[in-house]
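In: predicted structure and sequence below. I'll ask about it afterward.
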Amino acid sequence: MAGLIKFFQDGGWHMLPIALAFAAGLAIAIERWIFLARERSRNTSVWQALLPALNAGDFKRANDIAQQSNAALGKMIGYGMSRIGRRAEDLELALEEGLMEIMPKLEKRTGYLSMLANVATLLGLLGTIMGLIDAFGAVATAAASEKAALLSAAIAVAMNATAFGLVAAIPLLLFSTYLQSQTSEIVDSLEMAAVKFSNFVRKVQVEKEMAQARAAQQTQRPV
């Protein structure tokens, strides 16, 4: 701990904005991870509740489940429910509209992580450059026999900012990549659910049309 404190102090005031950028990125990463994990769990629960109703063709019950849910999947299916009975294109457009409304919420703030990682790296480089400027200025008035030792020590201290910037940036980039992959998986699952829902609706409509056709044929048969 003492070594870490000394490392931070040697880097100068430039270490503080890097630490703030890392803290902000870490807070965003934790909040997004919790949100995406909860959203994934909610979507799974809603789909498991919807599946029996869709298999049975009970769209009224399915609509009630979707409307009562706060999950992204429930909202998207709710959009589709409002278009049942219309053209297939209308149903697909409604599902697409629901997905487009959901995606910004899933991707919210994740893009800041890569930005904060870049900021931390650049702040580290800036701190090092300013430290080197101060170091060269300090050794300019030193004795010739001491210049090499003083300059080496000053450069080593100035490098602390760059090192800390990289230490902050690398985890933030990893968090950003992981969260983006999780978001993509959720979006893919929503798209798959939309396709399955459309297929369920088409299946029920086809079965209904076939039943009506058979009933019409039976009424037209001579007695």
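Out: Sure, I can see it.
In: mind jotting down where the helices sit in the protein?
Out: Listed in chain order, the helices of the chain (DSSP state H) span 2-10, 15-55, 59-68, 72-81, 88-107, 111-139, 144-220.
In: now do the second one against helix 59-68, angle only.
Out: This means helix 15-55. On the basis of axes from the mean of the first three to the mean of the last three CA atoms, to 10 degrees, helix 15-55 is oriented at 160 degrees to helix 59-68.
In: i'd like the first residue to be 787 from this point on
Out: I'll keep to 787 as the first residue from here, and by that count the last item is helix 801-841.
In: helix 801-841 to helix 858-867, inter-axis angle?
Out: Going by the same axes, to 10 degrees, helix 801-841 makes 50 degrees with helix 858-867.
In: gap between helix 801-841 and the chain center?
Out: Distance, stretch centre to chain centre, for helix 801-841: 7 Å (CA atoms, centre = their mean, to the nearest Å).
In: who are the packing partners of it?
Out: helix 845-854, helix 858-867, helix 897-925, helix 930-1006 (3 or more CB pairs under 8 Å, 6 or more residues apart in numbering; DSSP states H and E). For the C-beta atoms, the positions are set from N, CA and C on the backbone; glycine is no exception.
In: and those, which is most packed in?
Out: The highest mean neighbour count among the helices and strands packed on helix 801-841, using mean count of other CB atoms under 10 Å, belongs to helix 858-867: a mean of 23.
In: that one - what's its average pLDDT?
Out: Mean pLDDT, helix 858-867: 85.
In: same check, this time on stretch 919-932
Out: 67.
In: same check on stretch 966-983?
Out: Mean predicted lDDT for stretch 966-983 stands at 90.
In: and what of stretch 800-809?
Out: The average pLDDT within stretch 800-809 is 89.
In: buried residues in that stretch, which are they?
Out: The neighbour-count criterion (16 or more other CB atoms under 10 Å) identifies His800, Met801, Pro803, Ile804, Ala805, Ala807, Phe808 as the buried residues of stretch 800-809.
In: let's have the helices and strands packed on helix 801-841 in a markdown table, adding distance to Phe821.
Out: Shown next, in a markdown table, are those (distance: least, CB to CB, whole Å):
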| stretch | distance to Phe821 |
| --- | --- |
| helix 845-854 | 20 |
| helix 858-867 | 11 |
| helix 897-925 | 14 |
| helix 930-1006 | 10 |
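In: how about those, which one is nearest Arg826?
Out: Closest to Arg826 of those, according to CB to CB: helix 930-1006, at 5.9 Å.
In: from Ile804, how far off is Ile941?
Out: From Ile941 over to Ile804 the distance is 19 Å, taken as CB to CB, to the nearest Å.
In: give me the pLDDT value at Met901.
Out: Model confidence at Met901 (pLDDT) stands at 94.
In: of all the helices and strands packed on helix 801-841, which one comes closest to Ile816?
Out: Nearest of the helices and strands packed on helix 801-841 (CB to CB): helix 930-1006, 8.9 Å.
In: so who does the nearest residue to Met945 once chain neighbours are set aside touch?
Out: Spatial nearest neighbour of Met945, chain neighbours left out: Thr914 (5.9 Å); criterion: CB to CB, 6 or more residues apart in numbering. Counting by CB atoms under 8 Å, 6 or more residues apart in numbering, Thr914 touches Ala944, Met945, Ala947, Thr948.
In: at 10 Å what do you get?
Out: Residues counted as contacts of Thr914 (CB atoms under 10 Å, 6 or more residues apart in numbering) are Gly797, His800, Ile941, Val943, Ala944, Met945, Asn946, Ala947, Thr948, Ala949, Phe950, Gly951.
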